[in-house]
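[1] Sequence and predicted model, in that order:
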Amino acid sequence: MKIQIPFPISFWCGVPAHFVARERYKEIAEAGFTIAQVSGTREDIVRQLNWCEENNITGMVLDSRVHAGMTASPGWRDTVREVVLDYSWHPALWGYYLTDEPSASQFGTLAEITREFENVDTAHPTYINLFPNYANEEQLGTATYEEHVQRYLDIVQPPLVSYDHYAIQEDGNDWPIFYTNLSVVREKSLKAGKDFWQIVLSLAFHSCRNPSEADLRWQVWMTLAYGGKGISYFTYWTVTPENFRDAIIDEFGYQTSHYPMVRRINRQIQNIGADLLRLESLGVWHAPVPFKGVLPKEDYVPRFVVGSSDVPISVGEFMDGDVPALIVVNRSLERSVAAEIRVKPEFAAYREANRTSGGVSGPVKLSRSDAFASFHVWLAPGDGALLYLDREGITS
């Protein structure tokens with residue numbers, strides 16, 4: 001039976017070949033990951049998928065036979081069938097990796113490969129990761145980032161949209177275009193009826209600082225506030241080119257200080273994963289604005305929220321079926337805040353998705369006035385919360 005995961009949580013740069021062992025996949029699962037990268041020969045990959053199955057997680061196959069340029073080889077469709085035959089039977093298979101950060105000039109061939117995999121395996125998706133919005137025109141192959149994402153969706157018609165963005169900088173001047181990137185991908189993915197994932201930073205390299213737990217929380221929760229349906233970390237293992245340092249596992253195979261941080265965050269997200277996957281994103285509201293001198297791209301008029309106290313928060317509004325929901329995120333990376341959330345007076349109480357045990361806590365009665373109802377939620381630096389709004393109030 002195919003393994004069902006609570007929420008897609010993956011990574012880049014998995015266990016190197018000379019470190020691959022059964023206990024490494026237990027370590028991956030204990031850190032709260034649900035999709036591991038598996039690579040090597042066919043025999044290597046099947047063995048790693050077996051270890052994924054033992055730990056109730058899945059594997060994304062990185063097979064060297066599959067790549068963006070494979071359509072140039074005669075018989076490439078036969079190669080796709082061989083790959084599917086090799087792995088599709090395995091209950092721990094999540095899907096097939098195709099390529100990273102393609103130019104728009106590659107979209108046509110990637111569409112061919114995607115369709116061929118879909119023709120022979122309807123149960124497992126393909127995976128492509130896109131550039132961030134700070135890539136240049138030469139990298140994108142388009143005049144604008146918006147055009148790049150739209151052409152990708154129109155031509156490739158992928159099963160999901162994934163992209164990376166590494167905003168946290170050594171000088172503390174975190175890039176406001178992080179929010180613009182989220183806004184563009186959210187808008188275009190929603191219109192196309194596709195889920196999106198974001199790859200966030202879990203190590204220090206080049207001008208990016210060593211992430212604190214607040215940095216990690218902020219990246220993850222902001223992705224969720226924009227309606228993201230998957231998280232990936234760059235990187236799991238500390239790769240050694242250039243100036244990469246302190247990923248979740250270091251270059252010698254030891255857990256760094258990031259391991260328990262990521263484990264806490266991932267396990268919390270897993271506990272509310274089913275709730276997150278049901279949410280339909282309506283929009284994101286920021287207060288106060290502008291912040292960092294930048295007004296977020298979208299001009300969203302909230303449906304439920306009418307204001308807040310003067311603290312730096314972002315609020316994603318959602319529907320869970322017919323139930324209104326909010327994801328509230330503390331944008332401060334230095335201090336906890338008690339955010340007062342003011343909502344329309346039709347609401348009487350709220351409930352909170354319990355990240356420790358699953359389920360929903362509450363209800364908590366709202367304070368009332370003629371103009372609005374309100375409540376306070378304490379948030380650690382960079383942290384977030386999923387809240388449900390109740391029009392009926394508290395009944396005995």
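    Structure's in. What do you need? Numbering: from 1, shown residues only.
[2] so where do the helices sit in the chain?
    For the chain, the helices defined by DSSP state H cover 22-30, 42-54, 76-87, 107-120, 137-140, 145-156, 177-192, 213-225, 258-271, 273-278.
[3] The first one - what's its average pLDDT?
    Average pLDDT, helix 22-30: 98.
[4] Which one of the helices of the chain lies nearest to residue 251?
    For the helices of the chain, the distance to residue 251 is smallest for helix 258-271, at 13.4 Å, taking C-beta to C-beta. All C-beta atoms are positioned from the backbone trio N, CA, C, and that covers glycine.
[5] and that closest one with helix 213-225, angle?
    Relative orientation of helix 258-271 versus helix 213-225 (axes from the mean of the first three to the mean of the last three C-alpha atoms, to 10 degrees): 30 degrees.
[6] buried set for helix 258-271?
    For helix 258-271, a neighbour-count test (16 or more other C-beta atoms under 10 Å) marks 258-259, 261-266, 268-271 as buried.
[7] Please work out the average pLDDT along that helix.
    Throughout helix 258-271, pLDDT has a mean value of 98.
[8] again, but for stretch 231-243
    Stretch 231-243 comes out at a mean pLDDT of 92.
[9] Is it possible to get TSV of the buried residues of helix 258-271 that adds distance to residue 245?
    TSV is the format used below for these (distance: C-beta to C-beta, whole Å):
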residue	distance to residue 245
258	11
259	14
261	16
262	16
263	20
264	21
265	20
266	21
268	26
269	25
270	28
271	31
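[10] For residue 181, see how far away the spatially most central residue of the chain is.
    Note on the chain: the residue nearest the mean C-alpha position is residue 231, at 2.4 Å, using C-alpha atoms, centre = their mean. Distance, residue 231 to residue 181, using C-beta to C-beta, to the nearest Å: 15 Å.
[11] Pull up the gap between residue 24 and residue 260, please.
    17 Å.
[12] Over to residue 280?
    Here residue 280 is placed at a distance of 33 Å from residue 260 (C-beta to C-beta).
[13] Repeat that for residue 343.
    Remark: distance between residue 343 and residue 260 (C-beta to C-beta) = 35 Å.
[14] leaving aside the residues next to it on the chain, what's closest to residue 181?
    Excluding the flanking residues, the one nearest residue 181 by C-beta to C-beta, 6 or more residues apart in numbering is residue 133, at 4.4 Å.
[15] can you check residue 340 too?
    Residue 340 sits nearest to residue 309 (C-beta to C-beta, 6+ apart), 3.7 Å away.
[16] Please report the distance of the one you found from residue 246.
    Separation of residue 309 from residue 246 (C-beta to C-beta): 36 Å.
[17] same deal with residue 114?
    35 Å.
[18] what about the two, which has more around it?
    Set residue 114 next to residue 246 and count neighbours by other C-beta atoms under 10 Å: residue 114 wins out with 22 against 17.
[19] beta partners for the nearest residue to that one once chain neighbours are set aside?
    The shortest distance from residue 114 to any non-neighbouring residue, by C-beta to C-beta, 6+ apart, is to residue 126 (5.2 Å). Using DSSP bridges, the beta-bridge partners of residue 126 come out as residue 96.
[20] same check, this time on the one 4 residues further on
    In this entry, residue 130 is beta-bridged to residue 163, by DSSP bridges.
[21] so how far is residue 86 from the closest residue to residue 48 other than its chain neighbours?
    Once flanking residues are discounted, residue 48 sits nearest to residue 38: 3.9 Å by C-beta to C-beta, 6+ apart. According to C-beta to C-beta, residue 38 stands 12 Å off from residue 86.
[22] who touches both of these two?
    Jointly contacting residue 38 and residue 86 under the rule C-beta atoms under 8 Å, 6 or more residues apart in numbering are residue 45.
[23] the more surrounded of those two?
    Per other C-beta under 10 Å, whichever of residue 38 and residue 86 has more neighbours is residue 38, with 30 against 17.
[24] quick one, what contacts that one?
    Taking C-beta under 8 Å, 6+ apart, we find residue 38 in contact with 14, 44-45, 48-49, 52, 59-62.
[25] Whichever of these end up buried, select them in PyMOL.
    Filtering the contacts of residue 38 down to the buried ones (16+ other C-beta under 10 Å) takes a single PyMOL command:
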select buried, resi 14+45+48+49+52+59+60+61+62
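[26] Looking at the contacts of residue 38, which is nearest residue 32?
    Nearest to residue 32 among those is residue 52, at 14.1 Å by C-beta to C-beta.
[27] need the contact list for the nearest residue in space to the closest one that is not next to it in sequence.
    Excluding its sequence neighbours, the residue lying closest to residue 52 (C-beta to C-beta, 6+ apart) is residue 92, at 4.1 Å. Neighbouring residues of residue 92 by C-beta under 8 Å, 6+ apart: 3, 49-50, 52-53, 57-59.
[28] In these, which has the lowest confidence score?
    Ranked by pLDDT, the contacts of residue 92 bottom out at residue 3, which has 95.
[29] from memory residue 166 sits against residue 135, does it?
    No: shown here, residue 166 and residue 135 do not form a contact pair, counting by C-beta atoms under 8 Å, at 11.8 Å.
[30] For those two, indicate the residue with more neighbours.
    Applying other C-beta under 10 Å to residue 166 and residue 135 shows that residue 166 carries more neighbours, namely 21 against 18.
[31] Give me the pLDDT for the more buried one.
    Listed pLDDT for residue 166 reads 95.
[32] Please apply the same query to residue 354.
    On the pLDDT scale, residue 354 gets 97.
[33] That one: what's it in contact with?
    Per C-beta under 8 Å, 6+ apart, neighbours of residue 354: 271-272, 360-361.
[34] ok, now residue 225?
    Counting by C-beta under 8 Å, 6+ apart, residue 225 touches 284, 314-316, 327-329, 384.
[35] and residue 346, how many neighbours?
    When neighbours are counted by other C-beta under 10 Å, residue 346 registers 11.
[36] per-residue pLDDT, it?
    With respect to pLDDT, residue 346 scores 94.
[37] Please apply the same query to the one 3 residues further on.
    The score at residue 349 is 96. That number is its pLDDT.
[38] wait, isn't it in contact with residue 368?
    No: using C-beta under 8 Å, residue 349 is not in contact with residue 368, being 10.7 Å away.
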